[in-house]
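Peer 1: heads up, no residue letters with this:
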């Protein structure tokens, strides 16, 4: 079962990184205020990056790697085709 690392751009310009096994369901949860506490009140939320991982463990490891990146590095990752 595939898992995904994703990044959202919040209405205030900040980036949120998370993992899920269903990107659309998770995005809907964030937008309805039932997602992460960080994203509540920071709408509108735009999905700007997804990366498929083979399992939850790999997704968690990649999430940590991405969260350690500087903002410029995250923006470069988002800009890649």
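Peer 2: Done, it's in. All of these numbers come straight from a predicted model, not from anything done at the bench.
Peer 1: Quickly note the distance from residue 55 to residue 21.
Peer 2: 10 Å (Cβ to Cβ, to the nearest Å). (Glycine included, C-beta is placed from N, CA and C.)
Peer 1: any idea what sits nearest residue 51, other than its immediate chain neighbours?
Peer 2: In this structure, residue 51 finds its nearest non-sequential neighbour in residue 5, 4.7 Å apart by Cβ to Cβ, 6 or more residues apart in numbering.
Peer 1: okay but the one you found is in contact with residue 64, surely?
Peer 2: No - the criterion here is Cβ atoms under 8 Å, and residue 5 misses it with residue 64 at 9.7 Å.
Peer 1: Neighbour count for these two, which is higher?
Peer 2: Using other Cβ atoms under 10 Å, the more surrounded residue of residue 5 and residue 64 is residue 5, with 24 against 11.
Peer 1: pretty sure the more buried one is in a strand, no?
Peer 2: Yes - note on residue 5: a strand contains this position according to DSSP: H, G, I helix; E, B strand; the rest coil.
Peer 1: tell me which residues form a beta bridge with it?
Peer 2: residue 19, residue 51 (DSSP bridges).
Peer 1: who touches the residue in the chain sticking out farthest from the centre in this structure?
Peer 2: Within the chain, the residue lying farthest from the chain centre (Cα atoms, centre = their mean) is residue 1, at 18.4 Å. Neighbouring residues of residue 1 by Cβ atoms under 8 Å, 6 or more residues apart in numbering: 21, 55.
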